[in-house]
Structures are given as structure tokens and as C-alpha cells.
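Peer 1: sequence? don't have it. structure:
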């Protein structure tokens, strides 16, 4: 699995756990809708660290907690 796919799965997982939509990341995190859509749909091959940080901050978790999920254990190089 590609890193971008794992990030997409993780973001969806966090949204589902909190019963939130992509709109929440746009409204509360100030992340452009197009960026959120590209990340969630794994259309963006290189998700920037600033974007991941913004997402994690919006969920009020650390980057460590974001990447600690088991989904990242199956990421290929």
C-alpha cells in the first residue's frame, strides 16, 4: 500500500470515529476543500507535512498519534 493510501484511510478512520465529514476539516481546520478531497480519495501522491499537521491539529492529536495507527505498518516504500 502506498503512503498516500494509508493517509487517506487514516483520515477517513478519524472522521468516522468522530462522526464528522470532510467539511469539518475545511471549516475547522481551514484546509482547502480540494486538498481534503485529494487526500481522502488518495488522489494526491505526495501529501505535504504541513497538510498532515493541519489535519492532525484539527483532530487535536499529535503527528505521532496520527502515524501510530496500524495502517502505516503495511506501507510500501
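Peer 2: Cool, got the structure. Predicted model, so just to flag it, every value in this text is computed and none were measured.
Peer 1: residue boundaries of the helices in this protein?
Peer 2: Along the chain, the segments classed as helices by DSSP state H run 3-17, 22-29, 33-40, 49-58, 63-67.
Peer 1: for residue 73, which of the ones you listed is the nearest?
Peer 2: With Cβ to Cβ, the closest approach to residue 73 among these belongs to helix 3-17: 9.1 Å. All C-beta atoms are positioned from the backbone trio N, CA, C, and that covers glycine.
Peer 1: which parts of the closest one are buried?
Peer 2: Taking 16 or more other Cβ atoms under 10 Å as the basis for neighbour counts, the residues of helix 3-17 that come out buried are 3, 4, 6, 7, 8, 9, 10, 11, 14, 15.
Peer 1: so it versus helix 49-58, what angle?
Peer 2: 10 degrees (axes from the mean of the first three to the mean of the last three Cα atoms, to 10 degrees).
Peer 1: just checking, what packs against helix 3-17?
Peer 2: With contacts defined as 3 or more Cβ pairs under 8 Å, 6 or more residues apart in numbering; DSSP states H and E, the secondary structure elements packing on helix 3-17 are helix 22-29, helix 33-40.
Peer 1: contacts for that helix?
Peer 2: Applying Cβ atoms under 8 Å, 6 or more residues apart in numbering, the contact partners of helix 3-17 are 20-22, 24-25, 39-42, 44-47, 52, 55, 59, 61, 66, 69, 71-72, 74-75.
Peer 1: now which of those would you call buried?
Peer 2: The neighbour-count criterion (16+ other Cβ under 10 Å) marks 22, 24, 25, 39, 40, 42, 44, 47, 52, 55, 59, 66 among the contacts of helix 3-17 as buried.
Peer 1: nearest to residue 33, of those?
Peer 2: When the buried ones among the contacts of helix 3-17 are compared against residue 33 (criterion: Cβ to Cβ), the nearest one is residue 22, at 7.4 Å.
Peer 1: quick one, what contacts the residue lying closest to that closest one once chain neighbours are set aside?
Peer 2: Closest residue in space to residue 22, ignoring its immediate chain neighbours: residue 36 at 4.9 Å, by Cβ to Cβ, 6 or more residues apart in numbering. With contacts defined as Cβ under 8 Å, 6+ apart, the neighbours of residue 36 are 22, 25, 26.
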